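Undergrad: what's the 3D shape of this:
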Amino acid sequence: MDTLHAAIADNTEPSPFSSAGNMNSLIVELEHYRRQSEWLSMVNELHARLAGAVDMPAMLEAFSVWLMPLVNHDLLAYNNVERSRRHLLCSCHGPERRQAMAVAKEAFSHPECSESCCWISGDYAIQSWQLNQFSGSGILLVLRKGKKIGEYENQLLAKGLQILCEPLQRALEYEDLYEQASRDALTGLMNRRVFDERIASILARAERHGHPVTLACMDLDKFKQINDTYGHGTGDLVLQAVSTSMERMVRSCDILARMGGDEFMLIMPDTTLAAAEVLANRLCQSINQLDLPGAGPGILGISIGLVEWHPGLDKKQWMQKTDEALYKAKAEGRCRVCTM
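TA: Below you'll find the model as predicted:
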């Protein structure tokens, strides 16, 4: 515009080259503002998604949903060794899902994974970031099959991770608090509150898909005798030893909880009564053979009642029948398994 005004004042024609230069500069500037506006809009969207997430899985899912239109990916994974946290979020299904999950788990032990870099593993391009914005922040992986993550995509990811880090810390702190609130203080097993929450969702899933699920009610035999003879300090050590032994024998998908005192409950998803009975007998044998602190082996036993869920059996009835099976085991001589 200054060139145009000067040309008018001089009563001369403006130079087409000068006008073109100004126009190009204006277009570049407008494009810059357009991109900046788009990025601010994306940042606001990411903040809104993360604000609605509390725990780590929800946080990663919100980030993955936001990221997908910008950087297409098959899997997003997070690993934190210091805090024993690992979460994998995969958009694939079937064999491809299993393959992507296996590649991600292997990638966490890869030497390259200790820093932010990119490498190829089979059909997958893997981009890793060491999140150092706060203490013990861990590593984030993005996996994509068949195509390496480009420089521009990498820049978008890096900017997104700067925004993710603070909510990520919040999610870690939330999980730490939830972990403390959901665990039995003495044994480290899940407590009654978590058991009540999880049994409802597992039962709903069994009703929806028709999968087998078996419930076990367990009570220690001769535990009062141990407390009376050796003291409550020894009794606490016994409960810890029993819990450790049982935890080693059940699957990670099973729900093992201390309900209080010397009573335990075990939910076994995708498990028939026959399969549950095999495990229950192994638990009986293992508890009876425990070399207990101050008491030795062969002193303690455990009685177990088992009931497989069937359609029409609600949670209250299911737990009541399992309790009846437990008392039947007690009445028949203890340190045994009874089914109903």
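Undergrad: tell me where the model's unsure across the stretch 51-200 of the chain.
TA: Counting by pLDDT under 70, the stretch 51-200 of the chain contains low-confidence residues at 112, 114-115, 133-136.
Undergrad: contacts only, for Glu207.
TA: Counting by CB atoms under 8 Å, 6 or more residues apart in numbering, Glu207 makes contact with Pro311. (Glycine included, C-beta is placed from N, CA and C.)
Undergrad: now do the phi/psi pair for it.
TA: Note on Glu207: backbone dihedrals following degrees, to the nearest 10 are phi -70, psi -40.
Undergrad: do the same with Leu220
TA: Dihedral angles of Leu220 (phi, psi; degrees, to the nearest 10) stand at phi -70, psi 140.
Undergrad: report how many residues lie close to the residue lying closest to it once chain neighbours are set aside.
TA: Excluding the flanking residues, the one nearest Leu220 by CB to CB, 6 or more residues apart in numbering is Asp262, at 3.9 Å. Residue crowding around Asp262 was assessed by other CB atoms under 10 Å; the count is 21.
Undergrad: and the spatially most central residue of the chain, how far is that from Asp55?
TA: Note on the chain: the residue nearest the mean C-alpha position is His87, at 4.8 Å, using CA atoms, centre = their mean. Distance, His87 to Asp55, using CB to CB, to the nearest Å: 9 Å.
Undergrad: what sits closest to Glu61 if chain neighbours are left out?
TA: Among residues not flanking Glu61 along the chain, Leu89 sits closest, at 5.8 Å (CB to CB, 6+ apart).
Undergrad: partner strands of the host helix or strand of the one you found, parallel or antiparallel?
TA: Element membership of Leu89 [criterion: DSSP states H and E] is strand 85-90. Here strand 85-90 has these sheet partners by DSSP bridges: strand 75-80 (antiparallel).
Undergrad: still on that earlier bit, ok, now which ones touch the residue nearest to Glu61?
TA: Contacts of Leu89 by CB under 8 Å, 6+ apart are 57, 60-61, 64, 75-77.
Undergrad: which of the residues you listed sit farthest apart?
TA: Taking CB to CB, the two most distant members of these are Pro57 and Leu75; they sit 13.6 Å apart.
Undergrad: ok, Leu60 - contacts?
TA: 76, 78, 87, 89.
Undergrad: which one of those residues sits closest to Cys335?
TA: His87 (40.0 Å).
Undergrad: wait, the closest one touches Leu75, no?
TA: No - with contact defined as CB atoms under 8 Å, His87 does not reach Leu75; the gap is 11.0 Å.
Undergrad: just to revisit the earlier point, could you flag which of the contacts of Leu89 are buried?
TA: Buried members of the contacts of Leu89, scored by 16 or more other CB atoms under 10 Å, are 60, 64, 75-77.
Undergrad: and the helices in this structure?
TA: Counting by DSSP state H, one finds helices in the chain at the ranges 2-9, 16-51, 56-67, 94-107, 151-182, 192-209, 223-230, 232-249, 273-288, 315-331.
Undergrad: for those, which one ends up most surrounded?
TA: When the helices of the chain are scored by mean count of other CB atoms under 10 Å, the highest mean neighbour count falls to helix 56-67 (a mean of 19).
Undergrad: how much does it deviate in direction from strand 85-90?
TA: Counting by axes from the mean of the first three to the mean of the last three CA atoms, to 10 degrees, helix 56-67 lies at 40 degrees to strand 85-90.
Undergrad: done for today, thanks.
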